[in-house]
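[1] Only the shape, not the letters, is given here:
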């Protein structure tokens, strides 16, 4: 079957471009399969994904696949609770996806960059980056990554909470919870709902907290989330203890304790088992069972250093020994309570100082950024002004150039008209001279003829006087025309192309002669002497070399220089006599030919 060669060439060109610009397509396909496998593994087991990424060779991958690998690596590190120590890599990833990624890619990269700033302690910058990530989300689109958006709001809630901004924290919590219900993620929705109970407890709205926490716990028990139902009872316990309703507190405390004590790894609970024993000790202290209360508080001591629970333990032990009226123990635990409270205050002050420092650093960075923006705007304004000035200057130069060319064209047109008028005048003068010559001959014949009458002689004399007056008038017109022709010949002699030929004669290597130089000389001479071409070709065609010889003679070059310019030895001497016959039909010397060529106007 016959194949179209153009189609084959097009296919080979596309194949070459795909290899040279986009990388090896077969290697890219292997890389994408590996990335898809890593992406699914990140969701299931982030630690294993990190280990596998460390062994994955990315040499030869395209930039798109390399950036995707770094994005997945950052995602796995965040899932595995690995701390980010620098933002340089994530900044390059974000910059890439801002240009080449989808809205979900941009949101995920900005979210991970915010997590980087969170681990680096730059809370204000983390909040700002997360807000940019939220702005990238299009919740109306069917493919919007709601899971990542929910995590962003959850992270912002946690950071606002640590920054002691409860109103902002509550707003982010409500947004995260709404996204969970929209995704039908029941478990995370219940967890966020439980956090709202914590906000009610912190606002000391104990009745509302009990109602919400109890409803949440019952919902979990009804739908099979028994562990979470037990965990969510904690705010019922805390609220009833705050209201000193110890009977109700005991009811929920038993449910909460059934979960805590059943765990083999107590690290899954914030603060370990210390909070449970503190709540139980407060219950026993409230009902007056001091021994059981002391037992519970001492059971909390191994893990009381977590979350500053030592303050509550030492204070309750102080209360117990105060009721027992044991001054030594009372003084001991009062002193320990004071030291624990002082440590807690110091930690809070350190945290507050860090927050203030972060805000100060952020404000300084923002100020520097604003100053740079203002400086760049000022520089850009000056650049615009300079560009406008240069544009106006270019327009002015172009206008003057066009105007100058138009003026030169007008002057050349006038000169050509003058040349044509001069030629017409010279022709008419020649005609009148011929008539005068014939008249003189006729007059001489009449004078010789004595039989002619004097009237005829007077008539001829009058006609002679008229012709002489007309000749004088034509001679008067001829003088300025010849001056203009001489001036134009001088201008030709000073033109750039004539100068170039002279430079060639002095420095032939530095100024070589090309065919376009003879073309430019031809244009220059034919423009200034419009009849030159017609007069040299009046009797037939001559060769290009012969015509170049005529042009060089008209330009005033000597025979020696003409041979050098044409690159032919003794060409001018042998050709001029032949051209005299060929162009003018006359026999004569080469000098006669030169005079006729130079006389062309």
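    Received the coordinates, thanks. The structure presented is a predicted model; accordingly, all values stated were derived computationally and were not measured. Residues are numbered from 1 along each chain as shown.
[2] which residues of this structure score low on pLDDT?
    For the chain, the stretches flagged by pLDDT under 70 are 1-28, 263-271, 352, 354-367, 369, 447, 449-453, 455, 478-479, 481.
[3] center of it, which residue is that?
    In the chain, the residue lying closest to the centroid (Cα atoms, centre = their mean) is residue 99, at 8.9 Å.
[4] Okay, and that residue sits in which element?
    Assigned by DSSP states H and E, residue 99 belongs to helix 88-100.
[5] which one is residue 324 nearest to, not counting chain neighbours?
    Nearest non-adjacent residue to residue 324, counting by Cβ to Cβ, 6 or more residues apart in numbering: residue 290, 6.5 Å away. C-beta here means a position set from N, CA and C on the backbone, and glycine is covered the same way.
[6] Now do the one you found: how many residues are near it, please.
    Neighbours of residue 290 under the rule other Cβ atoms under 10 Å: 16.
[7] Verify the stated contact: residue 317 with residue 333.
    Yes. Using Cβ atoms under 8 Å, residue 317 is in contact with residue 333, at 4.4 Å.
[8] Please report how far residue 580 lies from residue 201.
    Between residue 580 and residue 201 the distance is 123 Å, computed by Cβ to Cβ, to the nearest Å.
[9] Next, count neighbours for the residue lying closest to residue 147 once chain neighbours are set aside.
    Of all residues not flanking residue 147 in the chain, residue 183 sits nearest, at 6.7 Å (Cβ to Cβ, 6+ apart). Neighbour count of residue 183, defined by other Cβ under 10 Å: 14.
[10] And residue 186, by the same measure?
    As a burial measure, residue 186 scores 14 neighbours (other Cβ under 10 Å).
[11] Could you do residue 187 as well?
    Using other Cβ under 10 Å, residue 187 is surrounded by 12 other residues.
[12] List the buried residues for the strand or helix carrying it?
    If you go by DSSP H and E, residue 187 is part of helix 186-202. Residues 188-201 are the ones in helix 186-202 that count as buried (16 or more other Cβ atoms under 10 Å).
[13] Equivalent analysis for stretch 105-122, please.
    Neighbour-count burial for stretch 105-122, counted by 16+ other Cβ under 10 Å, picks out 105-120, 122.
[14] Select from those every entry located in helices.
    Taking DSSP state H as the definition of helices, these contribute 105-119.
[15] packing partners for the helix holding residue 187?
    Judged by 3 or more Cβ pairs under 8 Å, 6 or more residues apart in numbering; DSSP states H and E, the packing partners of helix 186-202 are helix 146-162, helix 166-183, helix 206-222, helix 226-231, helix 234-242.
[16] The third one to helix 186-202, inter-axis angle?
    Regarding helix 206-222 and helix 186-202, their directions subtend 160 degrees when assessed with axes from the mean of the first three to the mean of the last three Cα atoms, to 10 degrees.
[17] Contacts for whichever strand or helix holds residue 549, please.
    Using DSSP H and E, residue 549 sits within helix 544-554. Helix 544-554 is contacted by residues 518, 521-522, 525, 529, 532, 536, 542, 561-562, 565-566, 568, 571-572, 575-576, 579, 593-594, 597-598, 600 when judged by Cβ atoms under 8 Å, 6 or more residues apart in numbering.
[18] now do 6 Å
    With contacts defined as Cβ atoms under 6 Å, 6 or more residues apart in numbering, helix 544-554 is touched by 518, 521-522, 525, 536, 562, 594, 597.
[19] before we move on, the earlier item: looking at the helices and strands packed on helix 186-202, which is closest to residue 416?
    Residue 416 lies closest, by Cβ to Cβ, to one member of the helices and strands packed on helix 186-202: helix 146-162, at 80.3 Å.
[20] The closest one packs against which elements?
    helix 103-119, helix 123-136, helix 166-183 (3 or more Cβ pairs under 6 Å, 6 or more residues apart in numbering; DSSP states H and E).
[21] buried ones in the helix holding residue 99?
    Counting neighbours by 16+ other Cβ under 10 Å, one finds that the buried residues in helix 88-100 are 90, 93-94, 96-97.
[22] And stretch 214-231, by the same measure?
    Neighbour counts over stretch 214-231 (16+ other Cβ under 10 Å) mark 214, 216-217, 219-220, 225, 228-231 as buried.
[23] And stretch 136-152, by the same measure?
    By 16+ other Cβ under 10 Å, the buried positions in stretch 136-152 come out as 136-137, 144-146, 148-152.
[24] by how many degrees do the helix holding residue 99 and helix 103-119 diverge?
    Relative orientation of helix 88-100 versus helix 103-119 (the same axes, to 10 degrees): 160 degrees.
[25] what about helix 88-100, distance to the chain center?
    Centre-to-centre, helix 88-100 and its host chain are 13 Å apart (Cα atoms, centre = their mean, to the nearest Å).
[26] And for it, what's in contact with it?
    The contact list for helix 88-100, computed with Cβ under 6 Å, 6+ apart, reads 67, 70-71, 74, 105-106, 109, 112-113, 116.
[27] Adding distance to residue 328, write those out as TSV.
    Output for these, formatted as TSV (distance: Cβ to Cβ, whole Å):
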residue	distance to residue 328
67	67
70	62
71	62
74	57
105	66
106	65
109	62
112	56
113	57
116	53
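[28] among those, which two are most distant?
    The most widely separated members of the contacts of helix 88-100, counting by Cβ to Cβ, are 105 and 116 (16.6 Å).
[29] Of the ones in helices among the buried residues of stretch 105-122, which is the nearest to residue 442?
    The closest of those, once distances to residue 442 are taken by Cβ to Cβ, is residue 106, at 108.0 Å.
[30] List the contacts of that closest one.
    The contact partners of residue 106, taken as Cβ under 6 Å, 6+ apart, are 97, 136.
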